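K.L.:
Sequence plus the predicted model coming up.
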Amino acid sequence: LMVLAAAASSVVQADFGDYADTSFDCPALTTCPVICAANLVYCPTACPEGQVLCLDGNCKDECDGAELNKCEELFSCTMFSCPKVVSDFDSCEEDYGSYYDASAGCALADDPVRKLSFLDPPFVFCYAWIA
């Protein structure tokens with residue numbers, strides 16, 4: 001399951017223990033990578049009637065409070081975990097690719113490129129080595 005999630009570079013990896021089809025039928029069903037959205041109203045998925053959305057994107061009768069929200073940890077502009085979806089991996093990318101791309105763009109915007117100064121350790125090491 002982790003290999004499938006790692007195959008698409010712009011998605012959050014699925015959790016161990018999420019749904020995986022063991023029937024070996026093709027295409028295999030699996031839990032789509034977590035869909036992150038800017039607000040829960042923008043989520044393309046919803047929990048079934050009578051269940052609540054937990055922070056980790058799972059729909060349960062009751063949340064235990066120990067859930068981890070990967071979206072909030074990774075992305076500042078898409079920090080809500082939408083309800084998880086079970087589908088084949090290619091369909092996940094086709095159906096929810098725009099959400100994965102938005103999260104990836106958000107991550108790039110949050111990670112400014114740091115420029116080295118001539119006083120940083122790599123330069124100081126070179127100066128000392130040359131001298």
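P.N.:
Yep, that arrived.
K.L.:
and D64, what element?
P.N.:
Following DSSP states H and E, there is no helix or strand that holds D64.
K.L.:
right, I mislabeled it, should have said Y100
P.N.:
Assigned by DSSP H and E, Y100 belongs to helix 89-110.
K.L.:
what comes up buried for that helix?
P.N.:
Buried residues in helix 89-110, defined by neighbour count with 16 or more other CB atoms under 10 Å: 89, 92-93, 96, 99-100, 102-104, 106-107. Using the backbone N, CA and C atoms, a C-beta is placed for each residue, glycine as well.
K.L.:
Give the buried residues for stretch 47-60.
P.N.:
Under 16+ other CB under 10 Å, the buried positions of stretch 47-60 are 47, 53-59.
K.L.:
Figure out how far that stretch is from the centre of its chain.
P.N.:
Centroid separation for stretch 47-60 versus its chain: 17 Å, with CA atoms, centre = their mean, to the nearest Å.
K.L.:
Over it, what's the mean pLDDT, rounded is fine.
P.N.:
What stretch 47-60 shows for mean pLDDT is 90.
K.L.:
That stretch: end-to-end distance?
P.N.:
Chord length of stretch 47-60, first to last residue, is 8 Å (CA to CA, to the nearest Å).
K.L.:
Quick one: the helices in this protein, in order.
P.N.:
Assigned by DSSP state H, the chain shows helices spanning 2-7, 70-74, 89-110, 121-130.
K.L.:
Low-confidence stretches in the chain?
P.N.:
1-17, 107-116 (pLDDT under 70).
K.L.:
Next, work out how far apart D25 and L55 are.
P.N.:
Going from D25 to L55 by CB to CB, to the nearest Å gives 32 Å.
K.L.:
for I35, same thing?
P.N.:
Relative to L55, I35 is positioned 14 Å away (CB to CB).
K.L.:
Please apply the same query to V124.
P.N.:
44 Å.
K.L.:
check contacts around the residue nearest to C54 when sequence neighbours are not counted.
P.N.:
Of all residues not flanking C54 in the chain, C63 sits nearest, at 4.0 Å (CB to CB, 6 or more residues apart in numbering). Residues in contact with C63 (CB atoms under 8 Å, 6 or more residues apart in numbering) are 52, 54-55.
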